[in-house]
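In: Fold the following.
(chains A and B)
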2 protein chains.
Amino acid sequence: MAAAIGSPSLAGETQRTDPAPLRIAMVLFPGMTALDVVGPQVLLAGLAGPQLHLVAGRTGPVASDTGLEIVATADFDTCPRDLDILLVPGGDGTPDQMADVALLAFLRDRAERAAWIGSVCTGSLILGAAGLLTGYRATSHWCVRDAVLPLLGAISVAERVVFDRNRVTAAGVSAGLDLALALSARLRDPDYARTSQLVAEYAPQPPFAAGTPEAAGPAITQAAMSMLKELTERSLAAARARRG
Amino acid sequence: MAAAIGSPSLAGETQRTDPAPLRIAMVLFPGMTALDVVGPQVLLAGLAGPQLHLVAGRTGPVASDTGLEIVATADFDTCPRDLDILLVPGGDGTPDQMADVALLAFLRDRAERAAWIGSVCTGSLILGAAGLLTGYRATSHWCVRDAVLPLLGAISVAERVVFDRNRVTAAGVSAGLDLALALSARLRDPDYARTSQLVAEYAPQPPFAAGTPEAAGPAITQAAMSMLKELTERSLAAARARRG
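Out: As a prediction, this is how the structure comes out:
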């Protein structure tokens, strides 16, 4: 794994003293969106090396919301106690995770000492359910951002990546790429992030302008909302149940 | 998997007759770049449902070039013989795959009948090594595009996504997202692709303009090239060995 395409490796930098590897934990759960995990994983892996942990209730394959399985390398006990980054993805499985006592306890424990606590997509609802966004500005997938985040004590913000103190939250799915580069720039330096961006050839050219409800227009937004209806309604119910 | 965030599901469309699921096979190999697989997988999964196959030399976990393991669901024998899309990722492991007799035989066989044959990043070098890009316009990661693709009989093109007859190739790593949406629009319809883009909130805002060598400038490009040196040199050697 010499080059680790997409992620400048620490080993590749022989010209200067290598900084210590960052300790990064990314949570996996049944029904996660795989891109929420893999976008940041590819862009941050070079900062972590073997210290990048994929954490779930138990080790082994965890199925995404489209059936792709990623292997968890650590469980809630074996994940290192002290972390530089703790990152939670979203996905169709979010509402169940918002009520998962073991996961929420794990997040609260590691968050006490983690340098950075972050999420991609509806992962912010899981952080919120753990009580970790109370009073923080945060974002989420557009389908739940303004309706559900405030029920969990967060201040919802319609931005792609939101930093507030040591919390960083990203908008839906693909926003994890932007979060990873922004975080990489803060944790290492902007030129490291630029190099990472170039290695991953992240010069996006979406064939359509349809990435936000405003850009997509009412008909496409309605189609998307009907596909996301169950996730939206169940997330709302989970947030209300937690408050009640 | 009700909503399958990031990927409009076939099941969600009750208003009109559901089109038949597409038969999609994505290749996995040791040293693949996980984002090359997962970007398209998330955006195309709704077109395929259970007919999305992750194919490797044998089933089970396959480690990416940054150590993330994805589970292969089929091997070269059990992968369906007739496919709508056959997609090959790239990554640090590319040079070894360019000389892997079993993989190249699998690709040649399925390509004979596949409706679409595609690649992300250095995956085009693997297609080229299988003889599947001879005389085709194609792209690849910038670090090998112009130096290696022509040795494999392809006409290298500096574009993000390149269509030529039933071949579609994407530039480095993150370009798989753009490929998936473009392919989705052709295979289904543009509004389906737009809906998929909105569900994945793909409205990219990279924090830097550094996704191409031209945008990144000479110093960052030099840093990236030194990280990609081994991949570049080994790909070149593999292409020359194939010709010789």
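In: C-alpha from now on. contacts and neighbour counts both.
Out: Will do.
In: Show me the helices in chain A, by range?
Out: Using DSSP state H, the helices found in chain A span residues A:34-48, A:94-97, A:101-113, A:123-129, A:145-148, A:175-187, A:190-199, A:213-216, A:218-227, A:229-243.
In: I'd like these laid out as TSV, including mean neighbour count, distance to residue B:161 and mean pLDDT.
Out: Output for those, formatted as TSV (neighbours: other CA atoms under 10 Å in any protein chain shown; distance: least, CA to CA, whole Å; pLDDT from 0 to 100):
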stretch	mean neighbour count	distance to residue B:161	mean pLDDT
helix A:34-48	27	19	97
helix A:94-97	23	33	98
helix A:101-113	17	40	98
helix A:123-129	30	31	98
helix A:145-148	20	32	98
helix A:175-187	23	19	97
helix A:190-199	27	17	97
helix A:213-216	16	22	97
helix A:218-227	19	24	97
helix A:229-243	18	32	95
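In: Let me know which of those helices is the nearest to residue B:158.
Out: helix A:190-199 (14.9 Å; CA to CA).
In: what residues does the closest one touch?
Out: Under the criterion CA atoms under 8 Å, 6 or more residues apart in numbering or on different chains, residues A:5-8, A:43, A:181-182, A:184-185, B:172, B:208-213, B:216, B:220-221, B:223-224, B:228 lie in contact with helix A:190-199.
In: now the angle from it to helix A:34-48?
Out: When axes from the mean of the first three to the mean of the last three CA atoms, to 10 degrees is applied, the directions of helix A:190-199 and helix A:34-48 differ by 130 degrees.
In: relative to helix B:218-227, how tilted is helix A:190-199?
Out: 60 degrees.
In: related to what we said a few turns ago, turn the helices of chain A into TSV, including distance to residue B:128.
Out: Compiled in TSV, those are given as follows (distance: least, CA to CA, whole Å):
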stretch	distance to residue B:128
helix A:34-48	25
helix A:94-97	41
helix A:101-113	46
helix A:123-129	40
helix A:145-148	45
helix A:175-187	29
helix A:190-199	22
helix A:213-216	37
helix A:218-227	38
helix A:229-243	42
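In: out of the ones you listed, nearest to residue B:19?
Out: helix A:218-227 (16.5 Å).
In: Is there proximity between that closest one and chain B?
Out: Yes - applying CA under 8 Å from any CA of the partner chain, one finds helix A:218-227 in contact with chain B at A:220, A:221, A:223, A:224, A:226, A:227.
In: nearest to residue A:28, of those residues?
Out: Among these, and counting by CA to CA, the member closest to residue A:28 is residue A:227, at 22.7 Å.
In: got the end-to-end distance for stretch A:204-220?
Out: Taking CA to CA, to the nearest Å as the measure, stretch A:204-220 stretches 21 Å from start to finish.
In: where's residue A:31 relative to residue A:239, distance?
Out: Going from residue A:31 to residue A:239 by CA to CA gives 18 Å.
In: and if you look at residue A:60?
Out: 29 Å.
In: Repeat that for residue A:208.
Out: Taking CA to CA, one finds residue A:208 at 34 Å from residue A:239.
In: try residue A:178
Out: Residue A:178 is 27 Å from residue A:239, by CA to CA.
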